[in-house]
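**Student:** Just the structure for this:
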Amino acid sequence: MMQFVHITDPHLDLQPLYGVDLRGRLERLVEHIARHEKNAAFVVVTGDLVNTASPQAYRAAAEILGRLPMPVFALAGNHDDPQLMYGAFPEVERVDLAPGRAAPCAPHVVHAPLFDAVLLQTRKKGAASGLVRQEDLDRLRGVCSAFPGRSAQGDPRALLVFMHHPPFLSGIEAMDAAGLENPRSLRTALEEARAAGRTAAGIFCGHLHRTMTGLWEGVAVWCLRAAAHAVAPDAIGRQMAGLHEAPEYARIVMQPQADGSWNILSQTMRFTEDEEAFPL
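**Tutor:** You can find the predicted model right below:
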């Protein structure tokens with residue numbers, strides 16, 4: 001069994017945003033994870049680390065997330081500037097996951113005994129919408145075709161995909177207008193991986209500021225509510241509407257099965273509400 005933590009869209013800003021102290025909120029999130037997620041092997045942040053990209057904002061995000069006792073991996077969202085982000089979260093081609101503390105970074109691939117994870121860069125310069133880059137599609141294909149101990153039965157390790165923009169339509173018109181432009185390219189790459197004996201165990205994303213789960217092209221997807229503000233689920237037209245709902249992160253538990261498949265459970269955790277344990 002393995003556990004990890006999924007965070008998305010903290011939108012750290014050096015000034016309050018929509019009446020919320022997002023620096024204080026991120027600090028509270030980190031404190032909650034450090035206290036409650038001691039079994040987590042790593043933390044992944046699926047984009048929009050900051051609201052307005054600046055070196056100061058990324059340094060603040062890296063300093064706060066760096067307080068966690070486990071590795072932190074980040075990828076860029078549409079609000080991020082990758083080059084500025086890489087100044088505080090160094091770009092790394094591949095990380096071999098090891099227990100213990102490590103400085104936050106921005107890897108393209110994370111390798112571990114139980115899984116391979118590919119962090120897709122979907123940010124499109126100058127746009128709120130997203131695009132999976134050809135180099136990342138090639139990277140995904142490479143991970144799926146180069147695993148050790150290859151056999152006719154395929155690789156028993158899980159294949160995880162992390163990205164900012166979800167590959168599906170949410171039904172929230174304003175968000176779908178700023179969605180992923182080339183989901184078919186991702187679908188084709190995953191179909192090729194499946195043909196090579198490597199089936200994606202799950203896709204983890206953000207951007208929508210809402211929790212949505214289900215199947216996309218036969219692959220399980222988990223889209224998580226933002227650590228910042230929420231987006232109204234019933235917004236109509238191109239005008240976005242925000243909500244002050246309780247923010248969340250997710251505790252992901254992965255359990256390998258005898259037939260080579262994986263059970264993956266996601267439990268959302270609200271970290272701004274007061275905790276008071278009582279006997280049941």
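**Student:** Using just helix, strand and coil, how would you label the closest residue to residue 64 other than its chain neighbours?
**Tutor:** Distances taken as C-beta to C-beta, 6 or more residues apart in numbering place residue 26 nearest to residue 64, at 5.2 Å, with adjacent residues excluded. In short, each C-beta sits where N, CA and C put it, glycine included. Under DSSP: H, G, I helix; E, B strand; the rest coil, residue 26 falls in the helix class.
**Student:** Residue 26: how many residues sit nearby?
**Tutor:** Residues contacting residue 26 under the criterion other C-beta atoms under 10 Å number 22.
**Student:** Residue ranges in the stretch 1-150 of the chain under the pLDDT threshold?
**Tutor:** 146-150 (pLDDT under 70).
**Student:** which residues in it form strands?
**Tutor:** 2-7, 40-46, 72-75, 91-96, 106-112, 115-119 (DSSP state E, counting those that start in this stretch).
**Student:** So which elements touch the shortest one?
**Tutor:** Using 3 or more C-beta pairs under 8 Å, 6 or more residues apart in numbering; DSSP states H and E as the contact definition, the elements that strand 72-75 packs against are strand 40-46, strand 106-112, strand 115-119.
**Student:** ok, residues contacting stretch 254-271?
**Tutor:** Contacts to stretch 254-271, defined as C-beta atoms under 8 Å, 6 or more residues apart in numbering, come from residues 1-4, 6, 28-29, 32-33, 36, 114-115, 153-154, 156, 158, 201-202, 211, 213, 220, 222, 224-225, 246-253.
**Student:** Among those, name the buried ones.
**Tutor:** Neighbour counting over the contacts of stretch 254-271 (16 or more other C-beta atoms under 10 Å) leaves 2-4, 6, 29, 32-33, 115, 154, 156, 158, 201-202, 211, 220, 222, 224-225, 247-252 as the buried ones.
**Student:** So which of these sit within helices?
**Tutor:** The helices, defined by DSSP state H, take in 29, 32, 33 from these.
**Student:** possible to save those residues as CSV with distance to residue 40?
**Tutor:** Shown next, in CSV, are these (distance: C-beta to C-beta, whole Å):
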residue, distance to residue 40
29, 13
32, 12
33, 7
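**Student:** With respect to residue 133, which of those residues is nearest?
**Tutor:** Among those, residue 29 lies closest to residue 133 (C-beta to C-beta), at 29.0 Å.
**Student:** so that closest one sits right up against residue 227, yeah?
**Tutor:** Yes. With contact defined as C-beta atoms under 8 Å, residue 29 counts as touching residue 227 (5.7 Å).
**Student:** Residue 186 versus residue 215, what's the distance?
**Tutor:** 14 Å (C-beta to C-beta, to the nearest Å).
**Student:** could you check the distance from residue 86 over to residue 74?
**Tutor:** Residue 86 is 10 Å from residue 74, by C-beta to C-beta.
**Student:** between these two, which one's more packed in?
**Tutor:** residue 74 (28 against 16).
**Student:** The closest residue to residue 17 other than its chain neighbours: what's it in contact with?
**Tutor:** Leaving aside its chain neighbours, residue 17 sits nearest to residue 51 (5.7 Å; criterion: C-beta to C-beta, 6+ apart). By C-beta under 8 Å, 6+ apart, residue 51 lies in contact with 11, 12, 13, 17, 22, 57, 79, 228.
**Student:** any idea which of these is closest to residue 207?
**Tutor:** residue 79 (9.7 Å).
**Student:** can you count the residues close to that closest one?
**Tutor:** If we define neighbours as other C-beta under 10 Å, then residue 79 has 21 of them.
**Student:** And for residue 138?
**Tutor:** 11.
**Student:** State the distance from residue 83 to residue 171.
**Tutor:** In terms of C-beta to C-beta, residue 83 sits 34 Å off from residue 171.
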